[in-house]
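Trainee: Quick one, what's the 3D model for this:
(chains A, B and C)
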Amino acid sequence: MSRDPAIGYRRPMRSWWRRDRFFVRYMLRELTALAVLVYAIVLAVGVVRLSQGEAAFDGWLQALRSPLSLLLHVVLLLSMVVHAHSWFEIMPKTMPLIFVGGRRLAARTIQRTGWAATVVVTVVVFALALWARA
Amino acid sequence: MKRSNAPIFWLLFGAGGMLSALLGTVLVFITGLAVPLGFALGADWMSYPRALAFAQHWLGKAFLFVVIALFAWHAVHRLFHSLHDVGVHAGMTAKLLCYGTAAVLTVAAVVGLLSIGF
Amino acid sequence: MTEPRTVDLEVLRYRPERDSEPVWQRYTVPYNHDMSVLQALQHVKDELDGTLSYRWSCRMAICGSCGMMIGGKPKLACETFVRDLLPGPIRIEALAHFPIERDLVVNAEGFIRKLERIKPYLIPKEPRTLAQGEYLQTPLELERIEQFSSCINCMLCYAACPQFGLNPEFTGPAAIALLHRYNDDSRDGGRAQRMEVLNAEEGVWSCTAVAYCSEVCPKHVDPANAVNQNKVNSAKDYFLRFLSPKGATR
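Mentor: As a prediction, this is how the structure comes out:
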């Protein structure tokens, strides 16, 4: 006895993400992609300017020193932190169940490992940058 | 049911997401705040001769290419799906605009890095 | 805090024979400390308005019948307590993202078809005779699938999933969790036959890892995990399919 799956009143999905705090957090997570894109563009422009010679590249460096750029990069920095946090928050969901010594590896462990890796990478990169000073 | 081609873009999305999660914060801090403000690394840390030397080395090229490309492909994949989430019809135009942006950035990075030479 | 003597419910009514669209109706029911939202609805139906329609059965969160939106969140009415929603009014609506048939009853036909489509039964790896005896399964092998086998088909996860709301063709959390339950069962050999469902755009690829489904699941099935794990399997299948005649699935 089969029925039509379409029978019934359909409620609109307009503004669905404003219905619940969980969805708002999700949209903020997705929005961090804009920051990742903007930063990729900044770097790409930098590479292109670099290929165009010293004057062009100095122009790019100059632009980075402007108050607008500094403000933008503060926003980008915050977005990167939100991205990293939300990335590791969801990471356990993307992995199969892992058993270590007969016990299930907790989601929290995976999340903390991700964060620890970020801290390590940050420290290592900054240390390398310091070592490579002019 | 028709097989989706999503895996290609999803792998790029995943790789870029992991890379930007690990490296995004420190890179933005260094290139966008520390160096322009002359904090800790000195204002000359990214000067033309030094940046050129970095980009001329094959490792520097690889690093810049991978960061720009993966960040771009991660971001456009997510933004494309966000368009769908907010009710924008996620058709061919939207797809071309989003993934096309990443393609443009990738090509720009390749052309730029190659013309910098070795 | 002194407890009230009554509490108000605001229920989204819909009677297709007389309503062009749903309309809110308020009821005042006597309150006591133990009552569930289901019991409040029972009072309405028994004493105030016999026309109110809703599904229910076990009253103990195992049959999966009484799923509805309570205070804007997908919940089982039998295990949602009025005392936690005071002072009210308590807004009650049919499960989100499903077509409303009448009042709090949704059309679940699409969901049933998806369950059927994923082949929810053991497909033996090779033919097996009675003489071979029963399958042996270790506790660890059971643990791999146990949470995914706990689904009571209450559809709260579909009400939580905005991707299903935006595209009703999406196979969805519970169906994919059930699919995964069979794929990962040590007794099963049907993985390759289930790949087609996973690999489709309406398979795992409609999921954007909102993961609200896992938040609302009353049985802690964690369907978000089932779906997103299988993105890896689907991607492997996509890229490695040319290497082996049957595809890359284990």
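
Trainee: How about the contacts made by C:Arg187?
Mentor: C:122, C:124-125, C:135, C:137 (Cβ atoms under 8 Å, 6 or more residues apart in numbering or on different chains). Where C-beta positions appear, they are placed from N, C-alpha and C, glycine not excepted.

Trainee: Tell me the buried residues within the residues you listed.
Mentor: Neighbour-count burial (16 or more other Cβ atoms under 10 Å in any protein chain shown) applied to the contacts of C:Arg187 gives no buried members.

Trainee: Using JSON lines, lay out those together with pLDDT and secondary structure.
Mentor: Formatted as JSON lines, the contacts of C:Arg187 follow (pLDDT from 0 to 100; DSSP: H, G, I helix; E, B strand; the rest coil):
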{"residue": "C:Leu122", "pLDDT": "96", "secondary structure": "coil"}
{"residue": "C:Pro124", "pLDDT": "93", "secondary structure": "strand"}
{"residue": "C:Lys125", "pLDDT": "92", "secondary structure": "coil"}
{"residue": "C:Tyr135", "pLDDT": "94", "secondary structure": "coil"}
{"residue": "C:Gln137", "pLDDT": "96", "secondary structure": "coil"}
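
Trainee: Save the residues you listed as TSV, and put in distance to B:Trp45 too.
Mentor: Putting the contacts of C:Arg187 into TSV (distance: Cβ to Cβ, whole Å) gives the following:
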residue	distance to B:Trp45
C:Leu122	62
C:Pro124	64
C:Lys125	60
C:Tyr135	64
C:Gln137	60
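
Trainee: Dump those residues to TSV, plus distance to chain A.
Mentor: Output for the contacts of C:Arg187, formatted as TSV (distance: Cβ to the nearest Cβ, whole Å):
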residue	distance to chain A
C:Leu122	20
C:Pro124	23
C:Lys125	20
C:Tyr135	20
C:Gln137	15
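
Trainee: so which of those residues comes closest to chain B?
Mentor: Nearest to chain B out of the contacts of C:Arg187 is C:Leu122 (Cβ to the nearest Cβ; 22.3 Å).

Trainee: all strands of chain A, in order?
Mentor: For chain A, the strands defined by DSSP state E cover A:99-100, A:103-104.

Trainee: Need the residue closest to the centroid of chain B.
Mentor: B:Ile68 (2.6 Å; Cα atoms, centre = their mean).

Trainee: what mean pLDDT does whichever strand or helix holds C:Tyr27 have?
Mentor: In this structure, C:Tyr27 sits in strand C:23-30 according to DSSP states H and E. Mean pLDDT, computed over strand C:23-30, is 98.

Trainee: which residues in chain C form strands?
Mentor: C:6-13, C:23-30, C:67-70, C:73-76, C:90-93, C:100-102, C:105-106.

Trainee: Can I get those in JSON lines including mean neighbour count and distance to chain A?
Mentor: Output for the strands of chain C, formatted as JSON lines (neighbours: other Cβ atoms under 10 Å in any protein chain shown; distance: least, Cβ to the nearest Cβ, whole Å):
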{"stretch": "strand C:6-13", "mean neighbour count": "19", "distance to chain A": "9"}
{"stretch": "strand C:23-30", "mean neighbour count": "15", "distance to chain A": "11"}
{"stretch": "strand C:67-70", "mean neighbour count": "25", "distance to chain A": "10"}
{"stretch": "strand C:73-76", "mean neighbour count": "24", "distance to chain A": "7"}
{"stretch": "strand C:90-93", "mean neighbour count": "22", "distance to chain A": "9"}
{"stretch": "strand C:100-102", "mean neighbour count": "21", "distance to chain A": "4"}
{"stretch": "strand C:105-106", "mean neighbour count": "21", "distance to chain A": "7"}
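
Trainee: phi, psi of the residue most central in space within chain C?
Mentor: Residue closest to the average C-alpha location in chain C (Cα atoms, centre = their mean): C:Met155, at 2.4 Å. For C:Met155, the backbone dihedrals (degrees, to the nearest 10) come out as phi 70, psi 10.

Trainee: The helix ranked longest in chain B vs chain C: in contact?
Mentor: Across chain B, the longest stretch assigned as helix under DSSP state H is helix B:58-85. Yes - using Cβ under 8 Å from any Cβ of the partner chain, helix B:58-85 comes into contact with chain C via B:81, B:84-85.

Trainee: Which single residue in chain A comes nearest to chain C?
Mentor: A:Gly8 (2.7 Å).

Trainee: OK, contacts around the closest residue in space to that residue that isn't next to it in sequence?
Mentor: Computed as Cβ to Cβ, 6 or more residues apart in numbering or on different chains, the closest residue to A:Gly8 that is not its neighbour in sequence is C:Pro99, at 2.7 Å. When contacts are counted by Cβ under 8 Å, 6+ apart, C:Pro99 touches A:5-10, C:106-107.

Trainee: Next, find the distance separating C:Pro99 from A:Arg3.
Mentor: To A:Arg3, C:Pro99 is 11 Å away according to Cβ to Cβ, to the nearest Å.

Trainee: Likewise for C:Asp46?
Mentor: From C:Asp46 across to A:Arg3, the span is 29 Å (Cβ to Cβ).

Trainee: Pull out the buried residues from the longest helix of chain B.
Mentor: In terms of neighbour count (16+ other Cβ under 10 Å), helix B:58-85 has its buried residues at B:60-61, B:64-65, B:67-85.

Trainee: do the same with stretch C:156-167
Mentor: Neighbour counts over stretch C:156-167 (16+ other Cβ under 10 Å) mark C:156-167 as buried.

Trainee: Please apply the same query to stretch A:84-97.
Mentor: A:84-94, A:97.

Trainee: Stretch C:139-150 now?
Mentor: For stretch C:139-150, burial by neighbour count (16+ other Cβ under 10 Å) applies to C:144-145, C:147-149.

Trainee: try stretch B:105-118
Mentor: B:105-106, B:108-109, B:112-113, B:116.

Trainee: can you put those residues in CSV and add distance to C:Leu38 and secondary structure?
Mentor: Listed next are these as CSV, based on distance: Cβ to Cβ, whole Å; DSSP: H, G, I helix; E, B strand; the rest coil:
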residue, distance to C:Leu38, secondary structure
B:Leu105, 55, helix
B:Thr106, 56, helix
B:Ala108, 60, helix
B:Ala109, 59, helix
B:Gly112, 65, helix
B:Leu113, 65, helix
B:Ile116, 69, helix
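
Trainee: quick one: the residue in chain B that chain A sits nearest to and C:Lys114, what's the gap?
Mentor: Here the residue of chain B nearest chain A is B:Gly32; by Cβ to the nearest Cβ that distance is 3.1 Å. Distance, B:Gly32 to C:Lys114, by Cβ to Cβ: 47 Å.
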